[in-house]
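> Below are the sequence and a predicted model for it; my questions follow.
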Amino acid sequence: VNLIDADEEDELESCSFCGDNIYVTKVLKLFIVPCAHTICGSCRGSKFSSNTQVSCSSCEKLGVEFRFKKDEIVPLDGEDPEVRRELPVRFRVLKIFNRQEEDFIDEFRKTGRSKEDATREYNRYLEQLEATVYNLTRKIDVDLTEEELNKREREDSDSIVRNEARKKRKERDFGSEKHVLPWQIAPAPSIHYVAPKPAAAPAADARQPHG
């Protein structure tokens, strides 16, 4: 099933739940959820007032059941539309595709295979990660992609828990706000960012008059 949208930018300008548009409702604040649909601040407040998880109405219309938590949504402001759509999807996928290259090296070493073989397998793993993000972001083969993602989550459940615990330890040791760890995505600079001007060179000492 190919569910590519006719105009993805339009989808990012309206609430997927109530249909309010940012150009009609000037004070409308939109958020993007991990399935790449949107929810406005008003619907966000009402939906989560008595629920810890909410089912995406747009996904239901597509025949897909997708539930999300309040802390999984991010505001839609100041970013390229494609980046805004991809970030929550990538965040969700990375929680499942969280194996590191050293995991493959250790696994291959135990079976007598080389480090080069482990690196090649790790690269294929990263390609699968990117393909999953691409498909879910652009709604391509959603059912099949979700099925494969759920299968990987089941099969890699032990390593997912182990790596998540390792991630939290490293974030605690290094400080997640100051360091970007290997499995994290460096935050993109704001489009409103203005580079600071270089400091002015110190003025040369005035020549002393000869006495």
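Noted; the coordinates are in hand. Keep in mind it's a predicted model, so treat the numbers as computed, not measured.
> the helices in the chain, which residues?
Assigned by DSSP state H, the helices in the chain fall at 8-11, 41-47, 57-61, 81-94, 101-110, 115-138, 142-155, 157-174.
> Point out the most buried one among those.
Most buried of those, by mean neighbour count (mean count of other CB atoms under 10 Å): helix 81-94, with a mean of 19. For glycine as for every other residue, the C-beta is placed from the backbone atoms N, C-alpha and C.
> Which of the helices of the chain has the lowest mean pLDDT?
Averaged per stretch, pLDDT over those is lowest on helix 8-11, reaching a mean of 52.
> about what we covered before: could you redo the helices of the chain as JSON lines and give each row distance to Lys29?
What follows is these, written out as JSON lines (distance: least, CB to CB, whole Å):
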{"stretch": "helix 8-11", "distance to Lys29": "16"}
{"stretch": "helix 41-47", "distance to Lys29": "4"}
{"stretch": "helix 57-61", "distance to Lys29": "18"}
{"stretch": "helix 81-94", "distance to Lys29": "13"}
{"stretch": "helix 101-110", "distance to Lys29": "40"}
{"stretch": "helix 115-138", "distance to Lys29": "22"}
{"stretch": "helix 142-155", "distance to Lys29": "27"}
{"stretch": "helix 157-174", "distance to Lys29": "29"}
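> so which of the ones you listed comes closest to Lys70?
Across those, the minimum distance to Lys70, taken as CB to CB, is reached by helix 41-47, at 7.3 Å.
> any residues touching the closest one, and which ones?
15, 17-18, 20, 28-31, 39, 54, 70, 73 (CB atoms under 8 Å, 6 or more residues apart in numbering).
> which one of these sits closest to Leu62?
Nearest member of the contacts of helix 41-47 to Leu62, counting by CB to CB, is Phe17, at 14.4 Å.
> ok, that closest one - how many residues close by?
Using other CB atoms under 10 Å, Phe17 is surrounded by 20 other residues.
> which non-adjacent residue is nearest it?
Spatial nearest neighbour of Phe17, excluding adjacent residues (CB to CB, 6 or more residues apart in numbering): Cys43 at 4.2 Å.
> separation between that neighbour and Glu60?
14 Å (CB to CB, to the nearest Å).
> Between the helices of the chain, which one is closest to Cys35.
Proximity to Cys35 (CB to CB) singles out helix 57-61 among those, at 5.4 Å.
> mind saving the C-alpha coords of that closest one as CSV?
What follows is helix 57-61 as a C-alpha-only set of coordinates in CSV (Å, rounded to 0.1, in the frame of the first residue of the first chain):
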residue,chain,number,x,y,z
SER,A,57,-7.7,9.6,14.0
SER,A,58,-5.9,10.0,10.7
CYS,A,59,-4.2,6.7,11.0
GLU,A,60,-7.6,5.1,11.7
LYS,A,61,-8.9,6.5,8.5
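> contacting residues around that helix?
16-17, 35, 37, 65-66.
> how far is it from where the chain is centred?
Offset of helix 57-61 from its chain centre (CA atoms, centre = their mean, to the nearest Å): 21 Å.
> What sits closest to Lys115 if chain neighbours are left out?
Ile105 (5.6 Å).
> So that neighbour versus Asp117, what's the distance?
Taking CB to CB, one finds Ile105 at 9 Å from Asp117.
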